[in-house]
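Colleague: Make a model of this:
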Amino acid sequence: MRTIVKSLLALASLAALAPAAQAQSGFIECSSISYRYQFCPANTQGRVNMIREVSTGNLCRQGRGWGFDNSGIWVDRGCRAQFSYGRDGGGGGNWNRPGEITCESIGYRRRFCNADTDGRVSLVREISTGNLCRQGRGWGFDNNGIWVDNGCRGVFSYGRDNSSRNDGAAIAAGVLGALALGAAISSSQNSNPPPPPPPPQPPIAVPPQWAIGSFHAYDPDSGDIVQLVVDGGGRVYLRNENGAVVSQGDLRDGMIFWTSGKRSWLAREGPGVMVGDIDTGKHFFFRRNA
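Modeller: The predicted structure follows:
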């Protein structure tokens, strides 16, 4: 009899603990009373989404009116809102949806703003003045959020929008379009024969050490991670997210001569390189791969 009772008590204890072990998400209301900072403990697991703002006046802007870490959610400057947090054990896809965040380097100090970037971040608008938000120097990101430094204050978009990926017009407007695909896309839609190849170029010189290696950049228009590879012989390859080579060329005296006839300049920039398109004037930061 005692054995049966002990077994039933053990099962009851396990049943009581099971919901806590399985509870991976939840809801909480957090309020900044009298415009003061307030921290609300919660097991966020690095995932927080504002469901509804209770305050009025658009005070709950992420990075300014609220933010979070793994141990909870903070609100400030009068923000009062309801939040969902944690991971959806059912695999719900809400956490990978795109969003926007304001992240500010106050007093020229480094700051990290939590966001589920999914490796996709672009600067929407710079709030600071003086062109302080240059990627790699004034801001950067990882999968857990965005950092700003040296006075950069900006509005950033993050996450992957699967509904618009691989759209031809978007690709043509982005990194691939500026550096390589513009001529290819237009020629594929034109029945006229392609223009003759560019004239032969001088012999290739050995590129500097800082230019040799593999680099990556996020293309906000296509939603792809673009790879740039420069080998020791000065050969340059531009790859899409699937690893396919979409263009190639030669690096000589700081210029990339693409086989499509386009030209780009290449310069050293922080932990990577900056590539600029001669025709459009656009430039893109490529971070060196680890």
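Colleague: distance of Arg61 from Asp224?
Modeller: Distance of Arg61 to Asp224, given as C-beta to C-beta, to the nearest Å: 28 Å. The way it works is simple: take the backbone N, C-alpha and C, and place the C-beta from them, glycine included.
Colleague: Who has more neighbours out of these two?
Modeller: For Arg61 versus Asp224, neighbours defined as other C-beta atoms under 10 Å are more numerous around Asp224 (23 against 16).
Colleague: show me the contacts for the nearest residue to the more buried one once chain neighbours are set aside.
Modeller: Once flanking residues are discounted, Asp224 sits nearest to Glu241: 4.2 Å by C-beta to C-beta, 6 or more residues apart in numbering. Residues in contact with Glu241 (C-beta atoms under 8 Å, 6 or more residues apart in numbering) are Asp224, Ile225, Val226, Gln227.
Colleague: Can you tell me which of those lies closest to Ile212?
Modeller: For these, the closest approach to Ile212 (C-beta to C-beta) belongs to Gln227, at 14.5 Å.
Colleague: contacting residues around the closest one?
Modeller: By C-beta under 8 Å, 6+ apart, the contact set of Gln227 is Ser214, Phe215, His216, Tyr237, Leu238, Arg239, Asn240, Glu241, Gly243, Asn289.
Colleague: Show me the two of the residues you listed that sit farthest apart.
Modeller: Asn240 and Asn289 (15.3 Å).
Colleague: Quick check on the two: which one has the bigger neighbour count.
Modeller: Between Asn240 and Asn289, counted using other C-beta under 10 Å, Asn240 has the larger neighbour count: 21 against 12.
Colleague: Now do the contacts for the more buried one.
Modeller: Shown in contact with Asn240 (C-beta under 8 Å, 6+ apart): Leu176, Asp224, Val226, Gln227, Val246.
Colleague: Make TSV out of those residues and add pLDDT and distance to Arg77.
Modeller: What follows is those, written out as TSV (pLDDT from 0 to 100; distance: C-beta to C-beta, whole Å):
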residue	pLDDT	distance to Arg77
Leu176	61	40
Asp224	72	37
Val226	83	38
Gln227	85	41
Val246	84	46
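Colleague: Among those, name the ones in strands.
Modeller: Asp224, Val226, Gln227, Val246 (DSSP state E).
Colleague: Now distance to Asn150 too, for those, in JSON lines please.
Modeller: Formatted as JSON lines, these follow (distance: C-beta to C-beta, whole Å):
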{"residue": "Asp224", "distance to Asn150": "28"}
{"residue": "Val226", "distance to Asn150": "26"}
{"residue": "Gln227", "distance to Asn150": "28"}
{"residue": "Val246", "distance to Asn150": "34"}
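Colleague: so where do the strands sit in the stretch 51-200 of the chain?
Modeller: Taking DSSP state E, counting those that start in this stretch, the strands of the stretch 51-200 of the chain run over residues 66-69, 72-75, 80-86, 99-104, 111-114, 121-126, 139-142, 145-148, 153-158.
Colleague: Gly136: what's it in contact with?
Modeller: When contacts are counted by C-beta under 8 Å, 6+ apart, Gly136 touches Glu269, Gly270, Pro271, Gly272, Phe285, Arg287.
Colleague: The third one: what's it in contact with?
Modeller: This means Pro271. Going by C-beta under 8 Å, 6+ apart, Pro271 touches Gly136, Arg287, Arg288.
Colleague: Next, count neighbours for the last one.
Modeller: Using other C-beta under 10 Å as the criterion, Arg288 is surrounded by 15 other residues.
Colleague: any idea which of the ones in strands among the contacts of Asn240 is the one closest to Gly107?
Modeller: Nearest to Gly107, judged by C-beta to C-beta, of the ones in strands among the contacts of Asn240 is Val226 at 34.4 Å.
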